[in-house]
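> Need coordinates for the below:
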Amino acid sequence: MTDTTASNTADSQPIISYKGFDKDFRCRGYQYAVGQTYTHDWGVEACVSGFHACPMPLSVFNFYPPAGNRFAVVEQSGKMDAMNDKVASSELTVNAEISMSDLIKAQVEWVWSNLKSAASCTGDQSAASCTGDQSAALSSGNESSASVDGKQSIAIASGINAIAKASKGSWIVLVERDEDGTILGLRAGQAGVDVTPDIFYRLKDGAFVIAE
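Here you go, the predicted model:
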């Protein structure tokens, strides 16, 4: 997760995080609304009490899978306590509901701001590959590939018939295009949850398919 320091004993600087909800915009039975600020008056402890959200955008999928759920960018403030990929806070403001593509864009920006290595390629049948933690590999050429082998990393392949793979816990993002290059769909998946780690996938009819 992010290097943001969180404390349970003193107010911390506000941070931007991402939160998941069910289809009715509830989390654990609590009703939320965009534009509202919520305050927790008791002790704040990660996984126990307080308002929870994730500084790393795609970590929200560990708690609310993409299908059938809703997501928002939030601001956490007041007293905070962090554990693994989430932060509990005494105050939370729901800034805006965001789409799947917004979450993926936010993840890319998060990786770029925290990355330790990066690779990109634009030519057809080219390859972009990274091996470090918090790395990003991006390929935009037709029949190109992107791969990452590290923690909290992301491989993005956006060309026609492009493929991507990631090590366990990291992410792939694939764009599906027709022969003219028109975008038909986009999907993100976590290796070890949505796809098998270290295996190349392409996107076909909106589904991840193992690349031949």
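> what residue ranges in the chain score low on pLDDT?
Under the criterion of pLDDT under 70, the regions of the chain flagged as low confidence span 1-10.
> Just want to check the distance between the residue positioned nearest the centre of it and residue 18.
With distances taken as CA atoms, centre = their mean, the chain has residue 58 as the residue nearest its mean C-alpha position (1.7 Å). When distance is defined by CB to CB, to the nearest Å, residue 58 is 8 Å away from residue 18. C-beta coordinates here come from the backbone N, C-alpha and C atoms, glycine included.
> still on that earlier bit, so the residue nearest to the centre of the chain, which of the three states?
Assigned state for residue 58: helix (three-state reduction, DSSP: H, G, I helix; E, B strand; the rest coil).
> What of residue 124?
Look at residue 124: counting by three-state DSSP, its state is coil.
> Residue 13 now?
Taking three-state DSSP as the rule, one finds residue 13 in the strand state.
> Who are the contact partners of residue 13?
For residue 13, the contact set (CB atoms under 8 Å, 6 or more residues apart in numbering) comprises residue 77.
> how deep is the spatially closest residue to residue 12 that is not a sequence neighbour tucked in, by neighbour count?
By the measure of CB to CB, 6 or more residues apart in numbering, the closest residue to residue 12 outside its immediate chain neighbours is residue 80, 4.7 Å from it. When neighbours are defined as other CB atoms under 10 Å, residue 80 has 27 of them.
> ok, now residue 132?
For residue 132, the neighbour count with other CB under 10 Å is 15.
> Distance-wise, check it relative to residue 97.
Here residue 132 is placed at a distance of 33 Å from residue 97 (CB to CB).
> Same question for residue 122.
According to CB to CB, residue 122 stands 33 Å off from residue 97.
> Look at the two and report which has more neighbours.
The residue with more neighbours, out of residue 122 and residue 97 and counting by other CB under 10 Å, is residue 97; that gives 15 against 12.
> how is the chain carved up into domains?
Using automatic domain parsing, the domain ranges for the chain come out as 11-98, 113-210.
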